[in-house]
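1. just need the structure, nothing else, for what follows:
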Amino acid sequence: MEPRTALLLIDIQLDYFEGGAFPLDPVQRERAVDTAARLLEVARQSGTRVIHMQHESTLPIAPFLRKGTPGRQIHPRLTPVDGEAVISKTYPNSFRQTNLEQILRDAGIERLVVGGMIAWMCVQSTVRAASDLGFEVHLVADMVASRGFTSRGLPLDADCTLATALYPLFWRFAKETSPEEAAVLLR
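-> Below is the predicted model:
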C-alpha cells in the first residue's frame, strides 16, 4: 500500500519576491513559485492534503515577514483554499512549537513532498526535522529558492547557496525529486 502523502509548502511569501523586504534570486523564486503552483493544482485535483507554512518573524535582526505586513502574505498564485491548513510559525523548523506533526499524524501522512523558501534556513530546518521524525521526505529542488550572501569574507551567489543547502539534504534527509516525480506522488 502506498504511503499517504501531503504537499508541504514552506514560506512562499511575498517578502521573498520583487518589492519585498528580502527578495530571493529572481530566477530561483519564479521557478519555485511556478513549480509550486503546478504541484498545488495536482494535489488539489487528486484530493491530496496541502499544508502551507507561513513564517512570522519576531527577531529584530530579520526585518521581514512581520505580522501585519503585506510581505507576510502567501504568494497569490498559491492562495490557500478551504480545507488546506495554514500554519503560522516563528522558528525555521516548521515542526517547532506548531501543530504540524499532529496534523500529519492525525491524517496518517507518512510521506511529504516539500518545497519553499529559504533553502538554507526554513527549508533545511524543516526537511531535517521531518526526516528525524520518520517521514519519507521528497524535496523538489525546482520548488526551492535561495539568495546569495557573504560568509567569512567569501561571497557566495544564490546558485552556490542553493546547491550547498540542498547537498546535505539529498545526502541524508530527503530524496531529490523532480516536479514530474512529485506530481506522480501527489496523485
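2. show me where the chain has its strands.
-> 4-10, 49-55, 85-89, 109-117, 136-145, 149-151, 154-156, 175-176 (DSSP state E).
3. can I get those in CSV with mean pLDDT and mean neighbour count?
-> In short, each C-beta sits where N, CA and C put it, glycine included. Listed next are the strands of the chain as CSV, based on pLDDT from 0 to 100; neighbours: other CB atoms under 10 Å:
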stretch, mean pLDDT, mean neighbour count
strand 4-10, 98, 24
strand 49-55, 98, 23
strand 85-89, 97, 15
strand 109-117, 98, 24
strand 136-145, 98, 24
strand 149-151, 92, 10
strand 154-156, 94, 12
strand 175-176, 98, 14
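4. can you pull the contacts of residue 110?
-> 3, 4, 5, 135, 136 (CB atoms under 8 Å, 6 or more residues apart in numbering).
5. this structure: helices as residue ranges?
-> 26-46, 100-106, 124-132, 158-168, 179-186 (DSSP state H).
6. tell me the helices and strands packed up against the third one.
-> If I follow you right, that is helix 124-132. strand 4-10, strand 109-117, strand 136-145 (3 or more CB pairs under 8 Å, 6 or more residues apart in numbering; DSSP states H and E).
7. right, and those strands - which one's nearest residue 79?
-> strand 4-10 (11.3 Å; CB to CB).
8. show residues contacting the closest one.
-> By CB under 8 Å, 6+ apart, strand 4-10 touches 36, 39-40, 43, 48-53, 78, 94, 104, 107-117, 122-123, 126, 130, 185-186.
9. thinking again about what came up before, reformat the helices and strands packed on helix 124-132 as TSV; add distance to residue 59.
-> Converted to TSV, the helices and strands packed on helix 124-132 look like this (distance: least, CB to CB, whole Å):
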stretch	distance to residue 59
strand 4-10	17
strand 109-117	16
strand 136-145	20
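10. and of those, who's closest to residue 159?
-> From the helices and strands packed on helix 124-132, taking CB to CB, the stretch that ends up closest is strand 136-145, at 11.0 Å.
11. report all helices and strands that that closest one contacts.
-> helix 26-46, strand 109-117, helix 124-132, helix 158-168, strand 175-176, helix 179-186.
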